[in-house]
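K.L.:
Starting from these lines, generate the structure:
(one chain, ligands or ions: 1)
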Amino acid sequence: MLEGKTVLLVITGGIAAYKSIELIRLLQTNNAIVVPVMTKSALQFIKPLSVAAIAGSKVYTELFDLTAEAEMGHIELSRSADIILVAPASASFLSKMAQGGCDDLASTLLLATDKPVFVAPSMNVRMWHHPATQRNLNAINDDGIITIGPNEGGMACGEFGLGRMSEPSEIVAFLNSYFKQGPLLGKRIIVTSGTTHEMIDPVRYIANRSSGEQGSAIASALADLGANVIFITGPSTAPIPANVELTKVRSGREMHKAVLAQLPADVAIFVAAVSDWCIDHVSEQKIKKNSNGPPVLKFNENPDILRDVGNLKDDRPSLVIGFAAETEDLYKNAETKFKKKGCDWIIANDVSATTGYMGGDENKICLISAKQTEDWPLMSKKSVAKKLAAKICTALEV
Ligand code: CTP
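P.N.:
Okay, the predicted model is just below:
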């Protein structure tokens with residue numbers, strides 16, 4: 001994880017330098033400390049004042065800056081960080097790195113460092129495919145430097161193809177997975193979360209109530225223990241956890257497809273409040289009020305994602321966990337679902353309006369397995385998530 005890590009961020013000259021501000025913010029959201037270094041050409045694209053203000057740190061630019069050398073020499077600067085990230089890395093800077101050039105602060109730091117170095121290339125598609133660039137990349141990869149991206153897409157120059165710098169969120173996710181550790185390292189865990197929207201027409205839908213808070217908290221707790229979390233979420237007001245592989249969906253059918261596409265996995269946890277029904281015929285145009293009275297909606301059943309995964313012959317995760325949201329007969333209804341859906345554990349919670357658990361910060365759950373029924377005390381949704389993550393570690397014997 002990036003938490004507590006110092007990232008020496010080298011910004012080189014390229015149009016993607018404008019993304020550095022967002023990158024710095026995201027690194028900080030992940031509790032990393034950012035120390036920025038800018039090359040001379042980067043200064044043409046972005047003001048050091050903005051970078052310093054966002055990073056909350058001095059921006060280092062010159063190799064022969066007497067004040068900076070007195071405060072922290074360039075050798076120390078390159079060693080004090082946990083990693084060096086070059087983003088954007090221009091074609092020209094990659095060429096300098098490949099040759100071991102050191103005529104400015106940024107390239108000198110890279111030559112002097114003993115820390116892991118990552119580059120996020122950014123350039124025009126033809127420059128990217130040029131044999132010289134590919135030669136340079138091979139050379140720096142052979143030196144142990146790790147490349148993030150680039151992406152394919154439209155470019156500032158109007159062309160299309162490979163060469164766009166990876167999005168800041170992708171760079172941060174990459175770094176987070178590089179630093180991941182914990183008992184769940186190497187485990188692939190699918191978590192569904194949020195609600196689903198079943199469209200009636202372009203502006204109307206039916207949905208189950210769900211804030212997505214419990215699903216986000218569970219995904220986050222598992223990622224904190226090193227798991228590779230595949231977070232498949234429908235609409236939700238909860239924050240998306242930082243260290244997960246995110247798939248956003250809208251309807252129950254989309255969620256079903258997204259989950260099956262992510263198998264095999266070690267564990268699957270179905271927290272989403274999936275609508276049981278979708279509309280038989282979604283109107284292409286907004287349905288108008290007319291003298292015939294309100295429209296009559298015909299429903300079809302949505303696929304039951306938990307039941308389908310729980311009953312898989314091949315590719316069934318070794319631990320399948322469902323939720324049972326009930327407003328009456330909590331234990332009886334949850335046990336019926338437990339049997340019907342083929343899950344290993346079901347987490348029952350009372351969602352009647354009087355409990356306030358739906359949409360609130362706290363939850364009181366009962367965990368039902370083939371062996372036992374465990375009533376957990378009232379606790380925050382984050383604590384439920386941590387306790388569940390610990391229980392998963394025990395079940396997986398990690
Ligand atoms: N679930 C699912 N796919 C559906 C419906 C539900 O994966 N189409 C999952 C939920 O994510 C949850 C569990 O099944 O883990 C139970 O969901 P719940 O809404 O409590 O029950 P339903 O199966 O929908 O049954 P009912 O509405 O009759 O209570």
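K.L.:
list the helices and strands the host helix or strand of Ala324 packs on?
P.N.:
Secondary structure from DSSP states H and E places Ala324 in strand 319-326. Packing partners of strand 319-326 (3 or more Cβ pairs under 8 Å, 6 or more residues apart in numbering; DSSP states H and E): strand 267-270, helix 305-310, helix 330-340, strand 345-350, helix 381-395. (Each C-beta comes from the backbone N, C-alpha and C, glycine too.)
K.L.:
Just give the number of residues close to the nearest residue to Gly234 once chain neighbours are set aside.
P.N.:
Among residues not flanking Gly234 along the chain, Gly194 sits closest, at 3.9 Å (Cβ to Cβ, 6 or more residues apart in numbering). Residues near Gly194, counting by other Cβ atoms under 10 Å, number 30.
K.L.:
Gly194 contacts Gln214, correct?
P.N.:
No. Gly194 lies out of contact with Gln214 (Cβ atoms under 8 Å); the separation is 10.2 Å.
K.L.:
re the thing from before, compare the helices and strands packed on strand 319-326 and give me the one nearest Val51.
P.N.:
helix 381-395 (33.6 Å; Cβ to Cβ).
K.L.:
rewinding a little: could the helices and strands packed on strand 319-326 go into TSV alongside distance to Ser166 and mean neighbour count?
P.N.:
Below are the helices and strands packed on strand 319-326 laid out as TSV (distance: least, Cβ to Cβ, whole Å; neighbours: other Cβ atoms under 10 Å):
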stretch	distance to Ser166	mean neighbour count
strand 267-270	28	27
helix 305-310	31	22
helix 330-340	42	16
strand 345-350	36	23
helix 381-395	29	19
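K.L.:
May I see these organised as JSON lines, with mean pLDDT added?
P.N.:
Listed next are the helices and strands packed on strand 319-326 as JSON lines, based on pLDDT from 0 to 100:
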{"stretch": "strand 267-270", "mean pLDDT": "98"}
{"stretch": "helix 305-310", "mean pLDDT": "98"}
{"stretch": "helix 330-340", "mean pLDDT": "95"}
{"stretch": "strand 345-350", "mean pLDDT": "96"}
{"stretch": "helix 381-395", "mean pLDDT": "96"}
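K.L.:
can I get these in JSON lines with distance to Ala87?
P.N.:
As requested, the helices and strands packed on strand 319-326 are exported to JSON lines (distance: least, Cβ to Cβ, whole Å):
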{"stretch": "strand 267-270", "distance to Ala87": "33"}
{"stretch": "helix 305-310", "distance to Ala87": "37"}
{"stretch": "helix 330-340", "distance to Ala87": "47"}
{"stretch": "strand 345-350", "distance to Ala87": "41"}
{"stretch": "helix 381-395", "distance to Ala87": "32"}
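K.L.:
Heading C-terminal from the worst-scoring helix or strand of the chain on mean pLDDT, find the next helix or strand.
P.N.:
Ranking every helix and strand in the chain by mean pLDDT, DSSP states H and E puts helix 66-71 at the bottom, with a mean of 64. Later in the chain than helix 66-71, the nearest helix or strand by DSSP H and E is helix 74-80.
K.L.:
Quick one: mean pLDDT for the helix or strand following that following helix?
P.N.:
Where DSSP H and E defines the elements, the next helix or strand beyond helix 74-80 is strand 83-89. Averaging pLDDT along strand 83-89 gives 98.
K.L.:
what do you get for stretch 187-199?
P.N.:
Mean pLDDT, computed over stretch 187-199, is 98.
K.L.:
Start and end of it, how far apart?
P.N.:
Terminal residues of stretch 187-199 are spaced 35 Å apart (Cα to Cα, to the nearest Å).
K.L.:
who's the closest residue to the ligand within the stretch 51-200 of the chain bridged to?
P.N.:
Scanning the stretch 51-200 of the chain for the residue nearest the ligand gives Thr192, at 5.8 Å (criterion: Cβ to the nearest ligand atom). On the basis of DSSP bridges, Thr192 is bridged to Ile232, Phe270.
K.L.:
Next, work out how far apart it and Ala221 are.
P.N.:
15 Å (Cβ to Cβ, to the nearest Å).
K.L.:
circling back: OK, contacts around the residue of the stretch 51-200 of the chain closest to the ligand?
P.N.:
Gly215, Ile232, Thr233, Gly234, Met255, Val259, Ile269, Phe270, Val271, Ala272, Val274, Ile305 (Cβ atoms under 8 Å, 6 or more residues apart in numbering).
K.L.:
Adding distance to Ile200, write those out as a markdown table.
P.N.:
Formatted as a markdown table, the contacts of Thr192 follow (distance: Cβ to Cβ, whole Å):
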| residue | distance to Ile200 |
| --- | --- |
| Gly215 | 25 |
| Ile232 | 23 |
| Thr233 | 22 |
| Gly234 | 16 |
| Met255 | 18 |
| Val259 | 24 |
| Ile269 | 30 |
| Phe270 | 25 |
| Val271 | 25 |
| Ala272 | 20 |
| Val274 | 17 |
| Ile305 | 22 |
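K.L.:
The residue nearest the centre of the chain: what's it in contact with?
P.N.:
Nearest to the mean C-alpha position of the chain, by Cα atoms, centre = their mean, lies Val244 at 3.4 Å. Residues in contact with Val244 (Cβ under 8 Å, 6+ apart) are Val191, Ala219, Ser220, Ala223, Val229, Ile230, Phe231.
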